[in-house]
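Enquirer: this one's sequence-less:
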DNA sequence: TTGAAAGCGCTAACAC
DNA sequence: GTGTTAGCGCTTTCAA
C-alpha cells in the first residue's frame, strides 16, 4: 500500500496502475491485452502493480472504446424452458463454459424473437452476437437476429436464405451406426419408435436407420414402425412391439422413448439386452435409463458448444459467415440394452 | 431521411437525434429516461426524431457514465445443470422474465464460486449484483459474492453472518396445508416419503407434516416413514407403504417421489385418489404426474423470481440489505390423487 | 519501446 | 424548460 495519490476510492483504474508502475496508461493497456512491444522488465513491473492495486479493467470503458461487449446473447424458446426437456439445461451449461473459454459472457433471453411483434426487442441490446439451439430451418429467430444486424450461430439448421452458420450432428449417419451395431449383434428383425413431429431430425433419424437397413435388404415392417409422442407412446409400444410377434431390436428416436420401451419390455417379462435389444438417442444421463445402461448415440455436447461459440465470434470479428454448416461426429455408447 | 449531416454511418447517437429534433442532447436524454421537466411539444418532437433515426442508447456509454450495467449475474451450480432437475430450468425462465420486467439482463455463470480457488472469477466482472437459487445456509456462494463487494439475493436461505437477502417458501406451513387437506378428506393413517438429504427444506417439510398431525394426535409410524433418494425410492415404497398394512395417505416431499408412489400404487392394483391418497410438492408440470393430476404444493415461481430480482436491485440502488428474509405463500393445488 | 492527445456516447452538475 | 461543460475509463493514433 504505497500512498501514491487516490487509493481506495473505488476500484483501481488504469492510471492508478500506471502511476504505481511508473509507466503510462498505454503501457499498462499493452500489458493487460498481451500486446507485443513491451520489455520484460516493464511488463513485470506493470504486472506487480496490477497485483498490488487489484486492478481489473472496467468492462464498460473497454466496450465503449472497442465497440465490443464480449457478450453473446443466448435465446431460449419458452417451450424449451420446461420440465421434461433434458437437452436445453445440459447444453446451457456447455455453452456457458464454452463462452467462458472464449472469454465471453452469456446473456440469456427468452422474450419471443421473430414472432408476433417483438423486433429484436429493446432488451437484447449490447450483444455482439447470438447463439441458438434446437433450431430447424423454419425457426423465425435467425432471421430476426440477422435483421437486427447481428451475427449468429445455431445448433441445428438455418433457413437456406441466411448464412449457414450452423453446427449439427448427422442424424442419419448416427442411426446408421446404431444399425451396424445391431446387425453386428445378429439382429435381423427391427422395430422403430420415433416422434411424429415435423422437425428434420426426427425424419433423418428414421431415414438413416431405414437406408442402412435397406443396404442389407432389411425393411422395418409397418406394424413395427411407431411414430408417436412421449405421452401417447406407452400404449402403442406394448401393443405393437412387445407382443408375441415382436422384433429382435427396437431402435428409438430418443432416450426418453427408449426408457419407455425398456420399462414396457420389463413389464412384459422380457429382459432388455437378452430377449430384446433397445437403443436410444442423446445419451444424456437420464435417470430412468440408468439400469441397465442404454445403448445410445452420444451427442458431442462440449464440441458442439465450442463450435457454435467459435462460429459467432468468428463472424463478430469480421470473418465471413460460412457457406456451409458443420457436422460433428457422434459416438455410439454401447450399454447393456443391446 | 433528412440529410442533416452524418446519416447511416453506424447507428444513430444521441447527438443525431438532438440535431434532428432541434434540441440539445441533454433534452433527448431526459426524454429517453422519462425525466420530468420536458414540455409536451419538445417530448413529441424528440420521440419523433428517435423513431426517425432508429436511435437506441449505447449501453456501454450509459454504463460507463452511470456506473451501472443493468445486468444481474445468475450463478447456477454445475449440479443443477443436469437432467432430472426440474426446478432450475423452469426457474431460470422465470428469472429471465423478472429481470426483463425490471429492465435488466441476466448473465449466467456456472464457474465454481466460493469453492477451491476461483475468487469471484475474472469472468463475473461487470455485474451489478447476483442472484442465486436453491441456496441453503451452508452454500459458499453468497459469501464469495459479498467478498467481491457485490449485492446478492437468493431463493433459499443465506448464512446467518450475511445480509438476509433471501426469499423462500415456508416449507413447514405448506405441508401443514397438505395435512389439513388430507384430514378434511377423512384420512387418519399417514405415510411419508421424503429425501434423506441434509438440506433444511427436506427437514422442514417432514417436520411441518408431523407437527400439524401431532396437533390432531396423529403420528406417522416409523414403518411408514421413508427417507430415501430418487434412485432408491421405488423398492422401499412398495415394500413399506403399499402392502396389506398400508396408510390412507402418503405425503411426499417432491412430485418426483409422488410420481413413483403413484406408479407403484397402480402397479399394486390400487387406484390413487380412491384407495390411497398421494400428495406431492412443487407442482411443476412433470410429465409422469399428469394423469391423474397430482395434489401438490405449488411454488410461487413468478412471485419468487420477481421478489429475488427486486431484492438485488434494491440493494444495488443503495437501500440497505433486509434484516430478515421474506416468505412467499404457497398454494395447494388439489388434483385427483387425493 | 514508450508516451501524449483525443475521443468512444452518454449523463451529472450546473448555468441560463 | 433547456443548454453547456466536463468527464466516466479505456484504447487508437501518432509522435518521440
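Expert: Thanks, I have it. Keep in mind that this is a model prediction, so the values were computed, not measured. Residues are numbered from 1 along each chain as shown, chains lettered A, B, ... in the order given.

Enquirer: Chain A against DNA strand D: which residues are in contact?
Expert: Contact residues (Cβ under 7 Å from any atom of the strand) of chain A with DNA strand D: A:10, A:13-15, A:25-26, A:29, A:32-33, A:55, A:57-58, A:61-62, A:64-66. (C-beta placed from N, C-alpha, C; glycine too.)

Enquirer: quick one: contacts for the residue in the stretch 101-250 of chain A that DNA strand D sits nearest to?
Expert: Nearest residue of the stretch 101-250 of chain A to DNA strand D: residue A:103, at 12.5 Å (Cβ to the nearest atom of the strand). Taking Cβ atoms under 8 Å, 6 or more residues apart in numbering or on different chains, we find residue A:103 in contact with A:70, B:123.

Enquirer: Isn't residue A:306 up against residue A:98?
Expert: Yes - with contact defined as Cβ atoms under 8 Å, residue A:306 and residue A:98 form a contacting pair (4.7 Å).

Enquirer: Comparing the two, which shows the higher neighbour count?
Expert: residue A:98 (24 against 20; other Cβ atoms under 10 Å in any protein chain shown).

Enquirer: a helix runs through the more buried one, doesn't it?
Expert: Yes - under DSSP: H, G, I helix; E, B strand; the rest coil, residue A:98 falls within a helix.

Enquirer: Check the gap between it and DNA strand D for me.
Expert: Using Cβ to the nearest atom of the strand, to the nearest Å, one gets 23 Å for the distance from residue A:98 to DNA strand D.

Enquirer: Contact partners for that residue?
Expert: Per Cβ under 8 Å, 6+ apart, neighbours of residue A:98: A:302, A:305, A:306, A:308, A:309.

Enquirer: Could you rerun that using 10 Å?
Expert: Shown in contact with residue A:98 (Cβ atoms under 10 Å, 6 or more residues apart in numbering or on different chains): A:72, A:91, A:104, A:106, A:131, A:301-310.

Enquirer: what's the burial count for the spatially closest residue to it that is not a sequence neighbour?
Expert: Nearest non-adjacent residue to residue A:98, counting by Cβ to Cβ, 6 or more residues apart in numbering or on different chains: residue A:305, 3.8 Å away. By the other Cβ under 10 Å criterion, the neighbourhood of residue A:305 contains 24 residues.

Enquirer: mind checking the SS state of residue A:305?
Expert: Going by three-state DSSP: residue A:305 is helix.

Enquirer: circling back: select only the buried ones of the contacts of residue A:98 in PyMOL?
Expert: In PyMOL syntax, the buried subset of these is picked out as below (16 or more other Cβ atoms under 10 Å in any protein chain shown):
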select buried, chain A and resi 72+91+104+106+131+301+304+305+306+307+308+309+310
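
Enquirer: Around DNA strand C, which positions in chain A sit nearby?
Expert: Proximity of chain A to DNA strand C (Cβ under 7 Å from any atom of the strand) is limited to residues A:22-27, A:30, A:37-39, A:41-42, A:61, A:64-65.

Enquirer: who wins for most neighbours among those residues?
Expert: residue A:27 (22 neighbours).

Enquirer: Quick one: list the elements packing against the host helix or strand of that residue.
Expert: Assigned by DSSP states H and E, residue A:27 belongs to helix A:25-32. Packed against helix A:25-32, as judged by 3 or more Cβ pairs under 10 Å, 6 or more residues apart in numbering or on different chains; DSSP states H and E, are the following elements: helix A:14-21, helix A:40-53, helix A:59-66.

Enquirer: In the stretch 201-338 of chain A, what residue comes closest to DNA strand C?
Expert: Counting by Cβ to the nearest atom of the strand, the stretch 201-338 of chain A gets nearest DNA strand C through residue A:316, at 17.1 Å.

Enquirer: those helices in chain A, which residues are they?
Expert: For chain A, the helices defined by DSSP state H occupy A:14-21, A:25-32, A:40-53, A:59-66, A:86-101, A:141-147, A:171-184, A:200-215, A:230-236, A:255-267, A:301-316.

Enquirer: Pipe the ones you listed into a markdown table and attach distance to residue B:136 and mean pLDDT per row.
Expert: Below are the helices of chain A laid out as a markdown table (distance: least, Cβ to Cβ, whole Å; pLDDT from 0 to 100):
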| stretch | distance to residue B:136 | mean pLDDT |
| --- | --- | --- |
| helix A:14-21 | 39 | 94 |
| helix A:25-32 | 38 | 94 |
| helix A:40-53 | 35 | 93 |
| helix A:59-66 | 31 | 96 |
| helix A:86-101 | 21 | 95 |
| helix A:141-147 | 37 | 93 |
| helix A:171-184 | 41 | 98 |
| helix A:200-215 | 39 | 98 |
| helix A:230-236 | 33 | 82 |
| helix A:255-267 | 31 | 90 |
| helix A:301-316 | 29 | 97 |
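
Enquirer: Export these as CSV, with columns for distance to residue A:246.
Expert: Putting the helices of chain A into CSV (distance: least, Cβ to Cβ, whole Å) gives the following:
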stretch, distance to residue A:246
helix A:14-21, 72
helix A:25-32, 66
helix A:40-53, 69
helix A:59-66, 61
helix A:86-101, 28
helix A:141-147, 42
helix A:171-184, 15
helix A:200-215, 17
helix A:230-236, 13
helix A:255-267, 9
helix A:301-316, 33
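
Enquirer: For residue A:155, find the nearest of these.
Expert: helix A:301-316 (5.4 Å; Cβ to Cβ).

Enquirer: Please name every helix or strand in contact with that closest one.
Expert: strand A:71-75, helix A:86-101, strand A:129-135, strand A:152-156, strand A:166-169, strand A:326-328.

Enquirer: Highest mean neighbour count across those, which stretch is it?
Expert: Mean neighbours per residue, mean count of other Cβ atoms under 10 Å in any protein chain shown, is largest over the helices and strands packed on helix A:301-316 for strand A:152-156, with a mean of 27.

Enquirer: and the angle for that one with helix A:301-316?
Expert: On the basis of axes from the mean of the first three to the mean of the last three Cα atoms, to 10 degrees, strand A:152-156 is oriented at 150 degrees to helix A:301-316.

Enquirer: From residue B:92, how far off is the nearest residue to residue A:123 once chain neighbours are set aside?
Expert: Closest residue to residue A:123 apart from its sequence neighbours, by Cβ to Cβ, 6+ apart: residue B:100 at 5.3 Å. Per Cβ to Cβ, to the nearest Å, residue B:100 is found 13 Å from residue B:92.

Enquirer: what do you get for residue A:222?
Expert: Going from residue A:222 to residue B:92 by Cβ to Cβ gives 42 Å.

Enquirer: Residue A:325 contacts residue A:164, correct?
Expert: Yes - contact status for residue A:325 versus residue A:164: in contact at 4.8 Å, counting by Cβ atoms under 10 Å.

Enquirer: between these two, who's got more neighbours?
Expert: residue A:325 (18 against 15).

Enquirer: List the residues that contact that one.
Expert: Applying Cβ under 10 Å, 6+ apart to residue A:325 gives the contacts A:153-154, A:156-158, A:163-168, A:307, A:311.
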